[in-house]
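Asker: Give the three-dimensional model of this entry:
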Amino acid sequence: MILAGVIVSLFFNAAVYVFFSVFYRESTNALFYLLGSLTESDPLLLIISGSMISAGFIVSWLYSKEIDLMSQGEETAFHLGVNVERTKLILFAAASAMVAAAVAASGLIGFVGLVVPHMMRLVFGPNHRVLIPVSAIGGATFLVLADSLARTAVAPLEIPVGALTALIGSPYFVYLLRRSLKHGEF
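Answerer: Below you'll find the predicted structure:
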């Protein structure tokens, strides 16, 4: 219930921010930080962020077998030889570093990391050795397409890309949530 409330809240916040960006262009610095933008590019920040994201990606990919086993349940993974607590700690640190680096470089751009892996799982299956790289490529593709649309939809004005990803991602995530509740997976 709380997650559904957060999703609805983010969706309507995104709608407000799109409206705000279209009619009040003078105040966009705060708006673009709150909902993310790919327009600012400090080369040093991009190098540092890119390095952190690459390192986190490699760590996640190297632990793909453990993730596959843990998706069957922590107890099952433990009995199959996975050090569950250590693996969760390492993956949590890697994911946190990647998110921090991405937010530092672009601001808050929501739903890409929530929605794209679910879409990729439907197409490529649950094997994380495949799912992790295709999710990264799919997420990058989705973000570039969303950014292009955000820059051209109401040209010459630019909608913050995070608002557009939230407007697209929120309904899809609600669909996934309802589907998992219907099938008793939640």
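
Asker: drop to CA atoms for contacts and neighbour counts, all remaining ones
Answerer: OK.

Asker: Show the contacting residues for Ala15.
Answerer: Residues in contact with Ala15, defined by Cα atoms under 8 Å, 6 or more residues apart in numbering, are 163, 167.

Asker: In terms of helix, strand or coil, where does it fall?
Answerer: Secondary structure for Ala15, judged by DSSP: H, G, I helix; E, B strand; the rest coil, is helix.

Asker: Secondary structure element holding Ser135?
Answerer: For Ser135, the enclosing helix or strand under DSSP states H and E is helix 128-152.

Asker: for the chain, what spans make up the helices?
Answerer: In the chain, the helices defined using DSSP state H lie at 2-23, 28-35, 43-62, 64-70, 74-79, 84-106, 112-124, 128-152, 161-182.

Asker: For the ones you listed, which has the smallest mean pLDDT value?
Answerer: Set side by side, the helices of the chain show their lowest mean pLDDT on helix 28-35, which sits at a mean of 66.

Asker: So the chain: which segments form each domain?
Answerer: Per automatic domain parsing, the structural domains of the chain span 1-37+107-186, 42-106.

Asker: residue at max distance from the center of this structure?
Answerer: For the chain, the residue at maximal distance from the C-alpha centroid (Cα atoms, centre = their mean) is His79, at 31.3 Å.

Asker: residue contacts, it?
Answerer: If you count contacts by Cα under 8 Å, 6+ apart, then His79 has nothing around it.

Asker: I'd like the distance between it and Trp61.
Answerer: In this view, His79 and Trp61 are 22 Å apart by Cα to Cα, to the nearest Å.

Asker: got it, and Ala15?
Answerer: Applying Cα to Cα, one obtains 35 Å for the distance of Ala15 from Trp61.

Asker: for Ser180, same thing?
Answerer: Counting by Cα to Cα, the gap from Ser180 to Trp61 is 26 Å.

Asker: Equivalent analysis for Pro43, please.
Answerer: The gap separating Pro43 from Trp61 is 26 Å, by Cα to Cα.

Asker: ok, the two, which is more surrounded?
Answerer: The neighbour count for Pro43 versus Trp61, taken as other Cα atoms under 10 Å, is higher for Trp61 (19 against 10).
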